[in-house]
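K.L.:
Next comes the sequence, and after it the predicted model I'd like to discuss.
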Amino acid sequence: MSRARSTGGLVVGLVILSVACSIAVRRDLSAVPAGQVGFDDMCGLQEYFDSLEIGISQPPRVVSALDLEGTNGGKKVHGGKERFAFENDFQLKHLRRILNENWRRLPERVGPAAKIEIEVRWAEKAGSKRVITDQAAEMGIGAETFSLPYHVCLSELLYGEPLYRQRRVMWHLPLPGVANAAATDGGAHAPDGAIAEPRKLDAAAADR
C-alpha cells in the first residue's frame, strides 16, 4: 500500500511538473469582443499584411492541408486542418514576435530555428477561415512538436489577410512605399482627404 501511494504521488507530481513547464498564454485577449482584436490591430499585424500585399515577402508555405465538411444540428459545417512553414527571415521575424508577445515558457529553440511549422485546425465562419478555439495548435521545430494553447493572434496571423486589407481601406492607410511617394511628390498621389473616421466592420469581419 505504501509503495502504491508513493508511485501514485510520483505520477501526480510528474503531471503537475509537465503542466507547469508547458507553453501557456501570456496575453489573454479572450474577453475582447469579436472583431475588435483585428479592428484595433491588437496583434500588430497591419505592417505584416501590407508587406505581403506589395510583395516584400510571400506568406508562409502551406505544407499540408485537409478540408472536411459535415453537419452540425442540420447546418453544413466546413473546416479542416492546415500546416504552415515559416522559413525566411521576414516570416520568422513576425512569427517570433507573435509567439513572444502572446505565450510564455516557449522553447529556447524558437530563437535560432531556421524553420518553424505551425499546424492548426480551422472552421469557416461567415465565409472566412478561423482557427478553432477549443483545440491547441502544434508548433514543430525540427523533430520536436510543442502544443500551443489557442490565441486569437495566431488566427489573425494565418487567416487575417482579408480583414487587414479591409481595415487599411477603411482607415485610408497607405501601403509601404506609397507613403514615401506621396511625401516626395507633395502629396499628389496621396488619398483624397484626411483619414476617414472608422466604421463598423461587415458581418464577416465582425464574426472574427
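P.N.:
It's in.
K.L.:
helix or strand for the residue positioned nearest the centre of the chain, which one?
P.N.:
When C-alpha atoms, centre = their mean is applied to the chain, the residue found nearest the centroid is L154 (1.8 Å). Using DSSP states H and E, L154 maps to helix 152-159.
K.L.:
Output the contacting helices and strands for the helix or strand following that helix.
P.N.:
Under the assignment DSSP H and E, the closest C-terminal helix or strand after helix 152-159 is helix 161-171. The contact analysis (3 or more C-beta pairs under 8 Å, 6 or more residues apart in numbering; DSSP states H and E) places helix 161-171 against helix 36-39, helix 46-53, helix 203-206. C-beta here means a position set from N, CA and C on the backbone, and glycine is covered the same way.
K.L.:
So which of those helices is the most surrounded?
P.N.:
helix 36-39 (a mean of 20; mean count of other C-beta atoms under 10 Å).
K.L.:
list the helices and strands that one packs on?
P.N.:
Judged by 3+ C-beta pairs under 8 Å, 6+ apart, the packing partners of helix 36-39 are helix 152-159, helix 161-171.
K.L.:
Deepest-packed of those, please.
P.N.:
Among these, highest average neighbours (mean count of other C-beta under 10 Å) belong to helix 152-159, with a mean of 23.
K.L.:
pLDDT-wise, which helix or strand of this protein ranks last?
P.N.:
helix 203-206 (a mean of 42; mean pLDDT, DSSP states H and E).
K.L.:
closest one to E124 among the helices and strands packed on helix 161-171?
P.N.:
Nearest to E124, of all the helices and strands packed on helix 161-171, is helix 203-206, at 10.3 Å by C-beta to C-beta.
K.L.:
Find the residue closest to V37 in space, skipping its chain neighbours.
P.N.:
V152 (5.2 Å; C-beta to C-beta, 6 or more residues apart in numbering).
K.L.:
ok, now how distant is the one you found from A24?
P.N.:
Noted for V152: a distance of 15 Å to A24, by C-beta to C-beta, to the nearest Å.
K.L.:
One more: G38?
P.N.:
Taken as C-beta to C-beta, the span from G38 to A24 is 23 Å.
K.L.:
residue boundaries of the strands in the protein?
P.N.:
Under the criterion DSSP state E, the chain contains strands at 24-25, 61-72, 75-86, 103-104, 116-125, 128-131, 137-141, 144-148.
K.L.:
Quick one: closest of those to P174.
P.N.:
Short answer: strand 128-131, nearest of those by C-beta to C-beta, at 24.7 Å.
K.L.:
Who are the packing partners of the closest one?
P.N.:
Under the contact definition 3+ C-beta pairs under 8 Å, 6+ apart, strand 128-131 sits against strand 116-125, helix 152-159.
K.L.:
Partner strands of it and their direction?
P.N.:
Strand pairing for strand 128-131, determined by DSSP bridges: strand 116-125 (antiparallel).
K.L.:
Quick check: buried residues in the partner strand?
P.N.:
Within strand 116-125, the residues that count as buried by 16 or more other C-beta atoms under 10 Å are I116, E117, I118, E119, V120, R121, W122, A123, K125.
K.L.:
now the angle from that strand to strand 137-141?
P.N.:
With axes from the mean of the first three to the mean of the last three C-alpha atoms, to 10 degrees defining the directions, strand 116-125 sits at 160 degrees from strand 137-141.
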